[in-house]
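Enquirer: Please work out how this folds:
(2 chains)
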Amino acid sequence: ILNVEQSPQSLHVQEGDSTNFTCSFPSSNFYALHWYRWETAKSPEALFVMTLNGDEKKKGRISATLNTKEGYSYLYIKGSQPEDSATYLCAPQTGANNLFFGTGTRLTVIP
Amino acid sequence: EAGVAQSPRYKIIEKRQSVAFWCNPISGHATLYWYQQILGQGPKLLIQFQNNGVVDDSQLPKDRFSAERLKGVDSTLKIQPAKLEDSAVYLCASSLNGRGAFFGQGTRLTVV
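Expert: Numbering: from 1, shown residues only, chains lettered A, B, ... in the order given. Predicted coordinates for the structure are as follows:
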C-alpha cells in the first residue's frame, strides 16, 4: 500500500483562470505516475503516464510535470473551462502492475 | 476497440443481502483490477488478477468479499453479506502491459 496525497481536495475556479494541483508520493520503488480525469457517471479517463524524472507532458490546455527524486507531480490547467470540471486522480505505480490512487482533487469551473 | 464492460450499472440491496458484479475486460488484457470508491475518497484496490491468478488481495475484506477470474477473462466480485459501509462505486479496470489501466463505468452499490 502506498501513501498518496493530493491537494487541494477540492477547488472552485472561474472560467478562464489557470490552476494547478499537487500529487505527493513516496519516491522509493517508483515505476510510473498516472493522471486520470474522472467525470461524474463516467469512467476514469487516462490523461498522462510519466516515468522519468523531469518528464513533462501536455494535452491541449492540460500539462503535467514529474519529480521522482522528491516524489511529486503537478497537474496544470491553463484557461479553465466548465468542461474541465471533474475529479483529477493521480496514481503512482510501483512495479509493473500496482497502481495506488490518491483521493483526488475535485475541480469545479464556474462559468 | 471495445472498452471495459461492467454490469449492473446500479444496484440497491438491503444489508445482509448478497450481491455480485461482473466485469469483462478489454480483449487481451492480462491484468484485471477491482477498485472500491467510497464517496469522498480515492479508488481503493480490492484485488488484482494476472490472467486467472491473484496478484494482490491484501485490501479485500475476505470475510465478506470474494472475487474470481475463471479462464483469465471475465471476473465477478461478490459481497456476502453486505453492510451499509459497502455502499460505493465498484470499478473494474484492465491493463495490457502495466503502463496504466482502462476503466469500466463502474457499478454504484447502495446498501440500505
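
Enquirer: So which residues on chain A come close to chain B?
Expert: Within reach of chain B by CB under 8 Å from any CB of the partner chain, chain A has these residues: A:1, A:4, A:6, A:32, A:34, A:36, A:41-46, A:49, A:89, A:93, A:95-104. (C-beta placed from N, C-alpha, C; glycine too.)

Enquirer: Find the nearest non-adjacent residue to A:Asn29, please.
Expert: Leaving aside its sequence neighbours, A:Asn29 sits nearest to A:Thr94 (CB to CB, 6 or more residues apart in numbering or on different chains; 4.5 Å).

Enquirer: Report the separation between that neighbour and chain B.
Expert: As judged by CB to the nearest CB, to the nearest Å, A:Thr94 and chain B stand 11 Å apart.

Enquirer: Please name the bridge partners of that residue.
Expert: A:Asn98 (DSSP bridges).

Enquirer: which residues does it contact?
Expert: Residues near A:Thr94 by CB atoms under 8 Å, 6 or more residues apart in numbering or on different chains: A:2, A:29-31, A:100.

Enquirer: List buried residues within those.
Expert: A:2, A:30-31, A:100 (16 or more other CB atoms under 10 Å in any protein chain shown).

Enquirer: mind listing which of the residues of chain A next to chain B are in strands?
Expert: In strands, defined here by DSSP state E, the members of these are A:6, A:32, A:34, A:36, A:45-46, A:49, A:89, A:93, A:98-99.

Enquirer: So which of those residues wins on neighbours?
Expert: A:Leu99 (27 neighbours; other CB atoms under 10 Å in any protein chain shown).
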